[in-house]
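K.L.:
whatever this is, show me its structure:
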Amino acid sequence: MISTKGRYALRVMVDLAQHIGQGNVPLKDIADRQDISKKYLEVIVKELVRGGFVQGASGKGGGYSLLRKPEEYTVGEIIELLEGSLAPVACLEHGAKPCPRAANCETLPLWKEYHQTVHDFFYSRRLSDLLGKQDPIYFI
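P.N.:
All right, here's what the predicted structure looks like:
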């Protein structure tokens, strides 16, 4: 299950993508448009900055902006930054120790297929795909 943290991070990224070319976007404006607590967004944006997805500027004209073009972000990487691994079982997480039961685990193929389906779904979608018909002009 994707938590509010992951869902809100995606909404923040979409909001920033919709305002590309308009300078830094104040967090208060994002909070108002998205109807999300500014305090909660501060936690989320901090992680997005730490992950290298957005940059922040303080002072007059401060706010946040994307570090890449919207088409260069996958939905999967945004969600995993905030949520951690999308693996449904511990043995499929990146860097997991080999499971001693893997060779005899009747359910492992099911979990692998599920994990691959979820991974492919989220990683085949780009932030730009979520912008709808009112795509901003971001090549300026």
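K.L.:
which stretches of the chain have low pLDDT?
P.N.:
Counting by pLDDT under 70, the ranges of the chain that qualify are 133-140.
K.L.:
dump the residue contacts of the spatially most central residue of it.
P.N.:
When Cα atoms, centre = their mean is applied to the chain, the residue found nearest the centroid is residue 78 (1.8 Å). With contacts taken as Cβ atoms under 8 Å, 6 or more residues apart in numbering, residue 78 has the following neighbours: 6, 9, 10, 13, 53, 127. Every residue, glycine included, has its C-beta placed from N, CA and C.
K.L.:
for residue 28, give its distance to residue 34.
P.N.:
Taken as Cβ to Cβ, to the nearest Å, the spacing of residue 28 relative to residue 34 amounts to 11 Å.
K.L.:
quick one, strands of the protein?
P.N.:
Secondary structure of the chain, counting by DSSP state E: strands at 54-57, 63-66.
K.L.:
mind checking which of those strands is nearest residue 131?
P.N.:
Using Cβ to Cβ as the measure, strand 63-66 is the one of the strands of the chain that comes nearest residue 131, at 12.0 Å.
K.L.:
what's in contact with the closest one?
P.N.:
Outside of strand 63-66, the residues that reach it under the criterion Cβ under 8 Å, 6+ apart are 12-13, 16-17, 20, 23-27, 29-30, 45, 48-49, 53-57, 73.
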